[in-house]
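# below is the sequence, then the predicted model.
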Amino acid sequence: MSIHTLGTGQGASAKSLLCDAVGDLERPRQRRHELWILTCYINLKSLKELVSELSVRVRVTDIYLAFDMSEVFRLGQQESKMQLSDLSSWCEQKGIGFEYRALSAPALVHAKGYAVLQRVNGQVEEGLVLVTSANFTQDGFFNECNVELGYLSRLKRDLRRFE
């Protein structure tokens with residue numbers, strides 16, 4: 001468990017922190033790993049970048065994505081549908097399950113959390129969860145442009161609660 005300051009002059013990006021941390025998981029290439037993303041703002045095109053980098057370290061078998069419904073309207077319904085369809089096809093070609101949900105709430109869904117969960121016999125055995133202020137955008141998650149705060153945990157209790 002640790003708290004990290006991420007971003008310009010503060011350290012790595014949220015993506016770098018997550019990708020580096022999965023390298024410490026036991027049997028990363030032999031076991032199944034799920035990527036869970038909960039965010040309000042999202043850059044859908046960047047999901048391939050994260051999965052490609054994670055796949056060098058662990059065997060990603062499933063992706064679960066939840067984001068704020070306002071992103072559909074920001075991108076436009078047709079563009080959102082096209083990008084999600086493209087992601088679904090890309091995942092299918094890679095043998096990765098892909099599920100997504102646009103969350104509708106009376107106010108903005110402001111939570112951001114990212115997890116890599118390792119399952120053994122259907123149960124979460126190991127993994128990590130990053131709860132952070134970083135949105136899944138180039139400036140928030142991938143680059144070091146924004147200054148963000150993140151809590152990284154490997155505790156089973158935290159992994160199961162996030163799930």
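Thanks, I have it. Numbers count the residues shown, from 1 in each chain.
# quick one: strands adjacent to the helix or strand bottoming out on mean pLDDT in the chain?
Lowest by mean pLDDT, DSSP states H and E among the helices and strands of the chain is strand 2-6, with a mean of 73. Using DSSP bridges, the neighbouring strands of strand 2-6 in the sheet come out as strand 148-153 (antiparallel).
# who touches the strand it pairs with?
For strand 148-153, the external contacting residues (Cβ atoms under 8 Å, 6 or more residues apart in numbering) are 1-7, 14, 17, 21, 128-134, 140, 159. In short, each C-beta sits where N, CA and C put it, glycine included.
# now these: which count as buried?
Neighbour counting with 16 or more other Cβ atoms under 10 Å marks 4, 6-7, 14, 17, 21, 128-132, 134, 140, 159 as buried within the contacts of strand 148-153.
# next, give me the two most distant ones among those.
7 and 159 (24.9 Å; Cβ to Cβ).
# with secondary structure and distance to residue 42 as extra columns, can I get the buried ones among the contacts of strand 148-153 in JSON lines?
As requested, the buried ones among the contacts of strand 148-153 are exported to JSON lines (DSSP: H, G, I helix; E, B strand; the rest coil; distance: Cβ to Cβ, whole Å):
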{"residue": "4", "secondary structure": "strand", "distance to residue 42": "21"}
{"residue": "6", "secondary structure": "strand", "distance to residue 42": "18"}
{"residue": "7", "secondary structure": "coil", "distance to residue 42": "18"}
{"residue": "14", "secondary structure": "helix", "distance to residue 42": "13"}
{"residue": "17", "secondary structure": "helix", "distance to residue 42": "18"}
{"residue": "21", "secondary structure": "helix", "distance to residue 42": "21"}
{"residue": "128", "secondary structure": "strand", "distance to residue 42": "20"}
{"residue": "129", "secondary structure": "strand", "distance to residue 42": "18"}
{"residue": "130", "secondary structure": "strand", "distance to residue 42": "15"}
{"residue": "131", "secondary structure": "strand", "distance to residue 42": "16"}
{"residue": "132", "secondary structure": "strand", "distance to residue 42": "14"}
{"residue": "134", "secondary structure": "coil", "distance to residue 42": "12"}
{"residue": "140", "secondary structure": "helix", "distance to residue 42": "10"}
{"residue": "159", "secondary structure": "helix", "distance to residue 42": "22"}
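# check which helix or strand covers residue 66.
strand 59-68 (DSSP states H and E).
# CA atoms only: put that strand into CSV for me.
Extracted in CSV, the C-alpha atoms of strand 59-68 (Å, rounded to 0.1, in the frame of the first residue of the first chain):
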residue,chain,number,x,y,z
ARG,A,59,-1.6,-12.2,-19.8
VAL,A,60,-4.6,-9.9,-20.1
THR,A,61,-7.7,-12.0,-20.7
ASP,A,62,-10.6,-9.6,-20.0
ILE,A,63,-11.3,-5.8,-19.9
TYR,A,64,-14.1,-4.2,-17.9
LEU,A,65,-14.6,-0.6,-18.6
ALA,A,66,-17.0,1.9,-17.0
PHE,A,67,-17.1,5.6,-17.8
ASP,A,68,-19.5,8.5,-17.4
